[in-house]
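K.L.:
model this:
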Amino acid sequence: MNDHLTTNKHPIQINDTTLRDGEQAAGVAFNVEEKIAIATFLDSIGVPELEIGIPAMGQEEAESIRTIVNLGLNAKLLGWNRANLSDIQASIDCGLHRVHISVPVSEIQIGVKFGGKQQVMLDRLRDAINFASDRGLSVSVGGEDSSRADPSFLLDVAFFAQELGAFRFRFCDTVGILDPLTTYSKVRSLVHHLFIPIEMHTHNDFGLALANSLAGIEAGALSVNTTVNGIGERAGNAALEEIVMALKHIYSVRTGINTKRLLELSRLVAKAANWPVPPWKAIVGENTFAHESGIHAHGVLQNPGTYEPFAPEDVGWERRLVVGKHSGRHLILSVLQQHGINLSQPEIQSVLDAVKHQSVQVKRSLTVEELLSLVPKG
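P.N.:
Numbering: from 1, shown residues only. Below you'll find the predicted structure:
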């Protein structure tokens, strides 16, 4: 399947939705200054498209969107809307020229939101697209809960959107229930039948947001929604940093994004969201390039490629060799030699034993100062 990705003439476009779906994470609320900082940073590293909020949410949200619109960013800006004329008008009032219109496409969602009446939903979608197009807006359409929709009806909706002038159709795995093989099959069918691009929007309820986005891209999708650190509703969305680095290093597909600032971006969003990044988080977690175990540290000391998929500098990190319970002699010896300390083999073993004991007691790795305090005096 990789052949399709690497030979595809079209670049894969990142459409980051940190400021819309990312902020919808429970407990996250960005203020205007934080939204400006995040949008500006995303733009500065080359993210080509930003979904910056929901204009119909209210005056404060609309003002923050209007402020971002007036920044003069290079990125294309998109507002999220329901298939309501008032939503579209709110986007226009914010100065947006591109709008995304979301409609439910699964039986359960249409049942809740349109009383099970598919035609009513389609009529609303038609009216919303026509209203936006008549006012010079570019329109993308999203199928909410595409993953649980009847395939033939999903295709009908996508065709309908295409015929009405939508420039893109978003395939949404709204509750994150797909696996990569099923995702590939569903998205491939849409790509085969439509001439407008397909965009992937995946959720991480089963930890498969990244895998499903990549499967959709392999199937021919040309755009993918991301959020920084994977923040978003419930278990979150496909993480920007994971998508970009997977495309770059696994598929040799460039996105035009400056990856060396991904760690800086991650920290900016984590601070604004007031949620720490887990140490084991892929790409940007504290432990991503930390090596403690004897076998790993020994290998990395000789050749970093033994246990690192790419250089830490590629995302703004530095390699860390950590002394702790799982450390071996080579690491202890290397750290001590860096501080001008040379010990005999029995002395090194004694220090190693002391390191293992103390790290268990304190339930963490040791600092360099703590290691040096274990060195025999005299």
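K.L.:
residue contacts, Leu78?
P.N.:
Contact analysis of Leu78 by C-beta atoms under 8 Å, 6 or more residues apart in numbering lists 15, 49-52, 96, 98-100, 140. The way it works is simple: take the backbone N, C-alpha and C, and place the C-beta from them, glycine included.
K.L.:
for it, helix, strand, or coil?
P.N.:
strand (DSSP: H, G, I helix; E, B strand; the rest coil).
K.L.:
Check the burial of Ile348 by counting its neighbours.
P.N.:
17 (other C-beta atoms under 10 Å).
K.L.:
scratch that, Val362
P.N.:
10.
K.L.:
now Val47
P.N.:
Neighbours of Val47 using other C-beta under 10 Å come to 28.
K.L.:
Please report the distance of it from Asn31.
P.N.:
21 Å (C-beta to C-beta, to the nearest Å).
K.L.:
Could you point out the helix or strand that follows the one helix or strand in the chain whose mean pLDDT sits lowest?
P.N.:
Using mean pLDDT, DSSP states H and E, the weakest-scoring helix or strand in the chain turns out to be helix 2-7, at a mean of 46. Moving toward the C-terminus from helix 2-7, the next helix or strand (DSSP states H and E) is strand 13-16.
K.L.:
Pairing partners for that following strand, with directions?
P.N.:
strand 49-51 (parallel), strand 223-226 (parallel) (DSSP bridges).
K.L.:
Buried ones in it, by neighbour count?
P.N.:
For strand 13-16, burial by neighbour count (16 or more other C-beta atoms under 10 Å) applies to 13-16.
K.L.:
Mind giving me the packing neighbours of the helix or strand just after it?
P.N.:
Under the assignment DSSP H and E, the closest C-terminal helix or strand after strand 13-16 is helix 32-44. Packing contacts for helix 32-44, counted by 3 or more C-beta pairs under 8 Å, 6 or more residues apart in numbering; DSSP states H and E, involve strand 49-51, helix 59-69, helix 262-273.
K.L.:
which stretch among those comes nearest Ile341?
P.N.:
helix 262-273 (31.7 Å; C-beta to C-beta).
K.L.:
average pLDDT across stretch 241-249?
P.N.:
In this model, stretch 241-249 has an average pLDDT of 97.
K.L.:
any residues touching that stretch, and which ones?
P.N.:
If you take C-beta under 8 Å, 6+ apart as the criterion, stretch 241-249 is touched by 12, 14, 210, 213-214, 217, 224, 226, 228-230, 253-255, 257, 259, 262, 265-266, 282-284, 309-310, 314-315.
K.L.:
From those residues, keep the buried residues only.
P.N.:
12, 14, 210, 213-214, 217, 224, 226, 228-230, 253, 255, 257, 259, 262, 265-266, 283-284, 314-315.
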